[in-house]
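K.L.:
quick check, what structure comes out for this input:
(one chain, ligands or ions: 1)
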Amino acid sequence: MKTLLEIFKQKVQEALVAGFGAELADTDPLVTPSTNPKFGDYQSNVALSLPKKLKQSPRAIAETIVANLNVADICDTVEIAGAGFINFSLKPSYLANLLSEIQTDERLGVEQVQPATRVIVDFSSPNIAKEMHVGHLRSTIIGDSIARILEFRGYDVLRLNHVGDWGTQFGMLIAYLREAYPEALTTADALDIGDLVSLYKKAKVRFDEDAEFKETARQEVVKLQAGAEDSRHAWQLLCDQSRREFQVIYDILDIKITERGESFYNPFLPEILTILEEKKLLEEDAGAKCVFLEGFTNKDGEPLPLIVQKTDGGFNYATTDLAALKYRIQEDDVERIVYVTDAGQANHFAAVFQVARKAGILPEKIDVVHVPFGLVLGEDGKKLKTRSGETVKLKDLLDEAVTEATRDLKDRLEQENRAESIEFINQVGQVIGISAVKYADLSQNRITDYKFSYDKMLALKGNTAPYLLYAYVRTQGISRKGNIDFSQLQGDKIVLEEAAELILVKHLLKLGEVIQEVERDLLPNRLCQYLFELSQKFNQFFENCPVLQAEEPQRTSRLILADVSARTLKLGLSLLGIEVLERM
Ligand code: ARG
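P.N.:
Here you go, the predicted model:
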């Protein structure tokens, strides 16, 4: 079903053509949802953009448009305000028709894109033998939500985990383990990730201080790259070890992702150099091979290079991203690629995209977007740390959220004198805790840094997961209390009269617009804001309009409003990776 925004755009376009002729067919009708209900529900400012072209006053243009508008079924009133703004107010009977239409639609009126083109969401992407940190947590939560929204819209989404599983660090690590923990290179599970991380740090110290060790490490890389069996085996063990640790986090967060790490593109790296060479883009700088960039300069105003082959002959992060781009375009047949990483990598991606465009690897029609996000800060406004000043382990952070959510829940149950089973308490605590972490992250504009606070994210009031989950619980309370099977409601006699009903139904009908916006701008916080407002509007309705006690046809109409509110909340939350609760 078309969104109301699309409908009004079309209506204004038709009126323009009817009033002024076909040459106006391509004019942008400048329709937006009204920001203030005083100006109706939607408005068009198009009349103000045409006086020059049409040699008439905006007001006269607006009058001609209104005279040619065919919106009698849709609008109660169409008003011309001020200099020539056209304001549309939706008719309750039209809203009732649309509500009954979405009530019977599993997709709640949200259209699917045709054809289902392929999109890659490159997210999470932690590094082997290192701890997954809060930056990876943000990437995981934001990337998963973007992937879910694009999937729901009907795209063929490939969720890729570009793990850092290749590079000189493996030579260093293997060389160190050969000395210190030889069994770790031959036996699975000889180490756990914590050991691996601390060994990595020790290896790095040796590497930086000891020239002989550095040489050994270098030879290990050569061996590994040449495919020596024991090196490959050792590398595999290290990867498996880390992979299992990452999986623990993915399971807690319910993340589906396909691993295709940096090593995957290893065979395609030399070819990238050949292409750059052929395009005459490759230059040498202090022994390294690089491409000089446009628009990137150092403090002295000299152009900066993107290095693609280091002095020792090794390839790097950027070379791999170039090879990955080529592979994704040619083999995966992708049309849009979305990279979700911290804002610190903005220059890296801008440089890679620029070089890829110049080299002909990245055709104009392929849309590549870096989706940056800010830092996770502690309540003190500084980088998030444990009390003892160490980096926070993700598993601990998530466990703590569940512990705190469970404690809050127990307090509340006690205050409300409710006895619940231990299974109920554990399950509800788990869902609230994890949802709170996800929602706190997603509800911020991702570009800004965000302050991590268990108290704030777990609050029952405000723009939080518990508030939204609670609104859903209320909807389900109606069906339980009245013994109503929402799926059996007949929407042929809906009447909407009360202000709270009309406000709620108009908001419900905006879901499609919001989803299209997130699809375009990749800002999941817009969906959060929509769901938060939906919860508020539902609560207003619930407090002002009796449902089960109402007479027909109000009763059924309101039950349908409750049902569609519930399903919109459930669907919207699922697109954020959050599951709902029937009771809490
Ligand atoms: N492994 C990288 C990191 O931890 C993120 C990779 C992002 N994806 C990419 N195609 N470069 O920062």
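K.L.:
contact partners of the top helix by length along the chain?
P.N.:
When the chain is parsed with DSSP state H, its longest helix is helix 229-253. Contact with helix 229-253 is made by 124, 126, 128-130, 132, 137, 140-141, 144, 163, 165, 170, 173-174, 177, 184-189, 191-193, 196, 220, 223-224, 255-257, 259, 261, 394-395, 398, 434, 438, 577, as judged by C-beta atoms under 8 Å, 6 or more residues apart in numbering. Placement of C-beta: from N, CA and C, glycine included.
K.L.:
ok, now with 7 Å
P.N.:
126, 128-129, 132, 140, 165, 170, 173-174, 185, 188, 191, 193, 196, 220, 223-224, 257, 394-395, 398, 434 (C-beta atoms under 7 Å, 6 or more residues apart in numbering).
K.L.:
quick check: buried residues in the helix or strand that contains Ile146?
P.N.:
In the assignment (DSSP states H and E), Ile146 maps to helix 134-153. For helix 134-153, burial by neighbour count (16 or more other C-beta atoms under 10 Å) applies to 134-153.
K.L.:
elements contacting that helix?
P.N.:
Under the contact criterion of 3 or more C-beta pairs under 7 Å, 6 or more residues apart in numbering; DSSP states H and E, helix 134-153 touches strand 118-122, strand 156-161, strand 336-342, strand 367-373, helix 422-442, helix 511-521, helix 524-544, helix 554-575.
K.L.:
would you convert those into CSV that also reports distance to Leu489 and mean neighbour count?
P.N.:
Compiled in CSV, the helices and strands packed on helix 134-153 are given as follows (distance: least, C-beta to C-beta, whole Å; neighbours: other C-beta atoms under 10 Å):
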stretch, distance to Leu489, mean neighbour count
strand 118-122, 36, 24
strand 156-161, 33, 21
strand 336-342, 39, 22
strand 367-373, 40, 19
helix 422-442, 27, 20
helix 511-521, 19, 18
helix 524-544, 16, 20
helix 554-575, 5, 22
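K.L.:
can I get those in TSV with distance to the ligand?
P.N.:
Output for the helices and strands packed on helix 134-153, formatted as TSV (distance: least, C-beta to the nearest ligand atom, whole Å):
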stretch	distance to the ligand
strand 118-122	5
strand 156-161	8
strand 336-342	5
strand 367-373	9
helix 422-442	17
helix 511-521	20
helix 524-544	18
helix 554-575	23
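K.L.:
among these, which is nearest Leu4?
P.N.:
Nearest of the helices and strands packed on helix 134-153 to Leu4, taken as C-beta to C-beta: helix 511-521 at 7.3 Å.
K.L.:
that closest one vs helix 554-575, what angle?
P.N.:
Taking axes from the mean of the first three to the mean of the last three C-alpha atoms, to 10 degrees, one finds helix 511-521 and helix 554-575 inclined to each other by 10 degrees.
K.L.:
now do the contacts for the residue of the stretch 1-150 of the chain found nearest the ligand.
P.N.:
Residue nearest to the ligand within the stretch 1-150 of the chain (C-beta to the nearest ligand atom): Ser125, separated by 3.7 Å. Neighbouring residues of Ser125 by C-beta under 7 Å, 6+ apart: 139, 161-163.
K.L.:
swap the cut-off to 6 Å and go again
P.N.:
Going by C-beta atoms under 6 Å, 6 or more residues apart in numbering, Ser125 touches 161-163.
K.L.:
minimum distance to Asp492: which of the helices and strands packed on helix 134-153 has it?
P.N.:
Asp492 lies closest to helix 554-575 among the helices and strands packed on helix 134-153, at 9.3 Å (C-beta to C-beta).
K.L.:
residues from the stretch 101-250 of the chain in reach of the ligand?
P.N.:
Contacts of the stretch 101-250 of the chain with the ligand, taken as C-beta under 6 Å from any ligand atom, map to 122, 125-127, 162, 164.
K.L.:
dump those to TSV, plus pLDDT.
P.N.:
Converted to TSV, those look like this (pLDDT from 0 to 100):
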residue	pLDDT
Asp122	98
Ser125	97
Pro126	96
Asn127	93
His162	98
Gly164	95
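K.L.:
go through the residues you listed and say which is closest to Gly360.
P.N.:
Of all these, Gly360 sits closest to Asp122, with 21.4 Å by C-beta to C-beta.
K.L.:
that older thread, pull the distance from the helix holding Ile146 to the chain's centre.
P.N.:
4 Å (C-alpha atoms, centre = their mean, to the nearest Å).
K.L.:
do stretch 248-260 as well
P.N.:
15 Å.
K.L.:
for stretch 172-192, same thing?
P.N.:
38 Å.
K.L.:
mind listing what Glu215 touches?
P.N.:
By C-beta under 6 Å, 6+ apart, the contact list for Glu215 is empty.
K.L.:
kindly calculate the angle that the helix holding Ile146 makes with strand 118-122.
P.N.:
160 degrees.
K.L.:
how close does the spatially closest residue to Asn266 that is not a sequence neighbour get to Asp312?
P.N.:
Nearest non-adjacent residue to Asn266, counting by C-beta to C-beta, 6 or more residues apart in numbering: Trp166, 6.2 Å away. Distance from Trp166 to Asp312, counting by C-beta to C-beta, to the nearest Å: 15 Å.
K.L.:
tell me which of the two has more neighbours.
P.N.:
Trp166 (24 against 11; other C-beta atoms under 10 Å).
K.L.:
that one: helix or strand, and which one exactly?
P.N.:
Short version, using DSSP H and E: Trp166 is in no helix or strand.
K.L.:
same question for Val392.
P.N.:
Counting by DSSP H and E, Val392 is part of no helix or strand.
K.L.:
torsion angles phi and psi at the residue of the stretch 451-584 of the chain found nearest the ligand?
P.N.:
Closest residue of the stretch 451-584 of the chain to the ligand, C-beta to the nearest ligand atom: Leu522 (15.3 Å). According to degrees, to the nearest 10, the main-chain angles of Leu522 amount to phi 60, psi 40.
K.L.:
so what's it closest to, chain neighbours aside?
P.N.:
Nearest non-adjacent residue to Leu522, counting by C-beta to C-beta, 6+ apart: Val371, 5.1 Å away.
K.L.:
quick check: that neighbour touching Val340?
P.N.:
Yes: with contact defined as C-beta atoms under 6 Å, Val371 reaches Val340; the gap is 4.7 Å.
K.L.:
output the helices and strands packed on helix 134-153 as a markdown table; include the columns distance to Leu90.
P.N.:
Formatted as a markdown table, the helices and strands packed on helix 134-153 follow (distance: least, C-beta to C-beta, whole Å):
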| stretch | distance to Leu90 |
| --- | --- |
| strand 118-122 | 33 |
| strand 156-161 | 34 |
| strand 336-342 | 34 |
| strand 367-373 | 34 |
| helix 422-442 | 30 |
| helix 511-521 | 14 |
| helix 524-544 | 15 |
| helix 554-575 | 15 |
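K.L.:
looking at the ones you listed, which is closest to Ser57?
P.N.:
Of all the helices and strands packed on helix 134-153, helix 511-521 sits nearest to Ser57, with 31.4 Å by C-beta to C-beta.
K.L.:
what is the burial count for the closest residue in space to the residue of the stretch 1-150 of the chain closest to the ligand that isn't next to it in sequence?
P.N.:
Leaving aside its sequence neighbours, Ser125 sits nearest to His162 (C-beta to C-beta, 6+ apart; 4.4 Å). Each residue near His162 was counted by other C-beta under 10 Å, and the total is 22.
K.L.:
what lies in contact with stretch 177-189?
P.N.:
Residues outside stretch 177-189 that contact it (C-beta under 6 Å, 6+ apart) are 190-191, 234, 237.
K.L.:
repeat that for stretch 147-158.
P.N.:
The contact list for stretch 147-158, computed with C-beta under 6 Å, 6+ apart, reads 112-113, 116, 118-121, 159, 518-519, 575.
K.L.:
close enough to count as contact, the residue nearest to Ser125 and Asp122?
P.N.:
Yes: contact criterion C-beta under 6 Å: His162 and Asp122 qualify, at 5.2 Å.
K.L.:
so which of the helices and strands packed on helix 134-153 gets nearest Val31?
P.N.:
Val31 lies closest to helix 511-521 among those, at 11.1 Å (C-beta to C-beta).
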